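A.B. asks: Got a sequence here, can you build the structure:
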Amino acid sequence: MIRRQYAPLNKHTRRFYENKVIPVEDPLESFISVPHLLKVCVLVLEHPGTSFSNTIPQPYVNIQQTLEFTLQLLPYEEIEFLEQLIEDYGGLAGLITEQKKANDLEVNSKNIPIPHS
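C.D. replies: Below is the predicted model of the structure:
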């Protein structure tokens, strides 16, 4: 049970955190959430002497936890996969060329004429 509930934050750290599921529809949605969380932390940190709420006695602890959470939302694995994909196709130009070929094949299989530029 402990192994299912707790895991390393990422492969670069030895600290363990509780696993939580964040429902997002796609990687872009979670990536877009990162700047919003960072902006809120920046706004709060710009006004260090301001008391925002009596119910939050140590706001900097919450800011730190929010920043740590935000780091978890960064798409490390997706970027590593993208880098490997680009490398496997001989660079970004090769990957784009391969994608164009796949699109052309899909269009041809549907008997749709390809517009020539």
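
A.B. asks: how far away is residue 104 from residue 85?
C.D. replies: According to C-beta to C-beta, to the nearest Å, residue 104 stands 19 Å off from residue 85. For glycine as for every other residue, the C-beta is placed from the backbone atoms N, C-alpha and C.

A.B. asks: Sorry, slip of the keys, the one I care about is residue 38.
C.D. replies: 27 Å.

A.B. asks: any idea how this protein splits into domains?
C.D. replies: By the assignment in automatic domain parsing, the chain contains the domains 1-74, 76-117.

A.B. asks: ok, of those domains, where does mean pLDDT dip lowest?
C.D. replies: Lowest mean pLDDT of those: domain 1-74, a mean of 73.

A.B. asks: Show me which parts of the one helix or strand residue 66 maps to are buried, residue by residue.
C.D. replies: Remark: residue 66 resides in helix 59-73, with elements defined by DSSP states H and E. The neighbour-count check on helix 59-73 (16 or more other C-beta atoms under 10 Å) flags 63, 70, 73 as buried.

A.B. asks: Much appreciated, bye for now.
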